[in-house]
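Asks: A structural model of the following input is requested.
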Amino acid sequence: MARYTGPSTKIARKFGEPIFGGDKYFEKRNYAPGQHGLASKRKKAKEYGTQLKEKQKVKYMYGVLERQFRNTYDKAARMAGQKGENLILLLESRLDNVVYRCGIAPSRAAARQLVNHHHITLNGEICSIASTFVKPGDTVAVRERSKSLEVIQNSVASVTKYSWIDFDTKTLTGKFLNVPTRAEVPENINEQLIVDLYSK
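Replies: Next up is the predicted model:
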């Protein structure tokens, strides 16, 4: 199955929250898509359905396919600590997500495209693999000849600061200081539902 490239608002409405960031179309219609989206009497979701929905939401949020997501979960399960927290922190350590958190790109999808098109360097070397895990102390930067790209300039103009990333808007260079704690990750995720789903 290829990566989803359809309308993002439709997916956000499916989950009932703007999982891709600010979306004026979602604000207009923040109910489920389809002719029954506004119906008040809907079937109560079963336990499995709730768990599956949460897993799908996180997959879409971080732009990860099923096999990649499962492999990331398996890696998280082998690590010390809680599986759910480890999963979120591994997803936060992906190169495309770090580029997005730095403010170089307006969304994770845009960040993934910048990485795939060789606009981003990792520790001074061009890296075109979006799923690369960034380690504490690594430096992520915009390639010299790509610094004038309009999408990057527009995105950097409104950078959100995160405690685990030190980003210089002049040189367009960010340093991944440390893996964030679960409490620092702002996304609305109930990771325990995903652990329960994979534990069946």
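Asks: name the helix or strand for the closest residue to Asp196 other than its chain neighbours, please.
Replies: Take Asp196 and drop its neighbours on the chain: the residue closest to it by CB to CB, 6 or more residues apart in numbering is Gln51, 5.5 Å away. All C-beta atoms are positioned from the backbone trio N, CA, C, and that covers glycine. Per DSSP states H and E, Gln51 falls inside helix 47-62.
Asks: which strands or helices does that helix pack on?
Replies: Helix 47-62 makes packing contacts with helix 8-15, helix 66-78, helix 83-92, helix 191-198 when contacts are defined by 3 or more CB pairs under 8 Å, 6 or more residues apart in numbering; DSSP states H and E.
Asks: and with 6 Å instead?
Replies: Of the remaining helices and strands, those touching helix 47-62 by 3 or more CB pairs under 6 Å, 6 or more residues apart in numbering; DSSP states H and E are helix 191-198.
Asks: contacting residues around the residue nearest to the spatial centre of the chain?
Replies: The centroid of the chain falls nearest to Tyr62 when counting by CA atoms, centre = their mean (2.9 Å). Tyr62 is in contact with Leu91, counting by CB atoms under 6 Å, 6 or more residues apart in numbering.
Asks: quick check on Leu165: phi, psi?
Replies: No Leu there; residue 165 is Ile. When read as degrees, to the nearest 10, the backbone of Ile165 gives phi -130, psi 130.
Asks: how much space separates it from Lys147?
Replies: Remark: distance between Ile165 and Lys147 (CB to CB, to the nearest Å) = 18 Å.
Asks: cool, Asn116 as well?
Replies: 18 Å.
Asks: so which bits of stretch 49-58 are buried?
Replies: Neighbour-count burial for stretch 49-58 flags 51, 53-58 (criterion: 16 or more other CB atoms under 10 Å).
Asks: okay, now the domains of the protein?
Replies: Split into domains by automatic domain parsing, the chain comes to 8-35+44-90+189-198, 95-180.
Asks: need these in JSON lines (columns: mean pLDDT).
Replies: Below are those laid out as JSON lines (pLDDT from 0 to 100):
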{"stretch": "domain 8-35+44-90+189-198", "mean pLDDT": "87"}
{"stretch": "domain 95-180", "mean pLDDT": "95"}
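Asks: so Ile165 and Lys147 - more neighbours on which side?
Replies: Counted by other CB atoms under 10 Å, Ile165 and Lys147 do not tie: Ile165 has more neighbours, with 20 against 15.
Asks: wait, isn't that one in contact with Lys175?
Replies: No - counting by CB atoms under 6 Å, Ile165 does not reach Lys175; the two are 7.1 Å apart.
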